[in-house]
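> Predicted model and sequence below, questions to follow.
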Amino acid sequence: MKKIFFGFVLLASVSLYSQNTFTLMSNDLGGQATNNQIYNGFGCTGNNISPDLHWINPPEGTQSYAITMYDPDAPTGSGWWHWIVFNIPSTVSQIPSDAGKIENQLMPKEAIQSITDYGTYGFGGACPPKGDGFHRYIITIHALKVSEFDFNKDVNPALVGYYINSNTIGKASLIFYHKR
């Protein structure tokens with residue numbers, strides 16, 4: 001009986017604690033990429049659809065958000081930026097599936113989807129080199145202490161990453177994996 005009661009208290013404590021933390025969720029993502037999250041190009045033939053994202057419990061003082069998708073396992077020496085979105089208003093708490101396709105106009109009008117390491121704008125799905133093993137794709141929502149960055153869509157991904165990181169007051173991530 002003591003073990004059951006202790007387990008219930010521990011589970012309830014973890015559940016209550018996690019309910020108050022900045023959390024990123026998606027109905028589209030699991031542990032492995034599906035064909036929807038695979039890039040269509042560079043030898044890959046996926047649908048290149050960005051996942052739906054929604055978040056709760058942003059930190060106090062959040063003035064805007066940024067979303068990044070980064071592959072630290074890319075054999076470049078500096079990783080690979082798959083998606084960078086900034087100037088998302090603090091009133092937004094979700095984006096729909098396929099919002100990473102700029103022509104769909106599903107992002108808030110203030111949001112900027114800047115250039116990726118593919119040399120394109122918007123979402124660029126997973127496409128690791130053949131035989132390179134599993135790559136991690138880390139999607140992060142950054143709660144920022146500034147309302148906007150004064151950049152256009154052509155700004156270098158590393159520069160945007162620098163400004164995002166230096167203005168982040170909280171962040172939450174999802175990770176999925178893919179190999180070819």
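In hand now; what should we look at?
> residues near the closest residue in space to residue 59 that isn't next to it in sequence, how many?
Nearest non-adjacent residue to residue 59, counting by CB to CB, 6 or more residues apart in numbering: residue 170, 3.7 Å away. In this view, the C-beta of every residue, glycine as well, is placed from N, C-alpha and C. Applying other CB atoms under 10 Å, we find 19 residues neighbouring residue 170.
> Please apply the same query to the one 3 residues further on.
For residue 173, the count of nearby residues is 14 (other CB under 10 Å).
> Sticking with the residue nearest to residue 59, tell me its helix or strand.
strand 168-178 (DSSP states H and E).
> doesn't residue 56 make contact with the residue nearest to residue 59?
No: between residue 170 and residue 56 no contact is recorded; they are 11.7 Å apart, counting by CB atoms under 8 Å.
> joint contacts of these two?
residue 22 (CB atoms under 8 Å, 6 or more residues apart in numbering).
> Show me the residue at the heart of this structure, geometrically.
By CA atoms, centre = their mean, the chain has its centre lying nearest to residue 139, at 2.5 Å.
> mind listing what the nearest residue to residue 57 once chain neighbours are set aside touches?
Using CB to CB, 6+ apart and skipping residues adjacent in sequence, the residue nearest residue 57 is residue 22, 5.1 Å away. In this structure, residue 22 makes contact with 55, 56, 57, 58, 59, 141, 143, 170, 171, 172, judged by CB under 8 Å, 6+ apart.
> still on that earlier bit, in the strand holding residue 170, which residues are buried?
Neighbour counts over strand 168-178 (16 or more other CB atoms under 10 Å) mark 168, 169, 170, 171, 172, 174, 176, 177, 178 as buried.
> which residues does the fifth one bridge with?
Meaning residue 172. Taking DSSP bridges as the rule, residue 172 bridges to residue 141.
> can I assume residue 36 sits in a helix?
Yes: secondary structure of residue 36 (DSSP: H, G, I helix; E, B strand; the rest coil): part of a helix.
> where's the closest residue to it other than its chain neighbours, which helix or strand?
Closest residue in space to residue 36, ignoring its immediate chain neighbours: residue 49 at 4.3 Å, by CB to CB, 6+ apart. Using DSSP H and E, residue 49 falls within no helix or strand.
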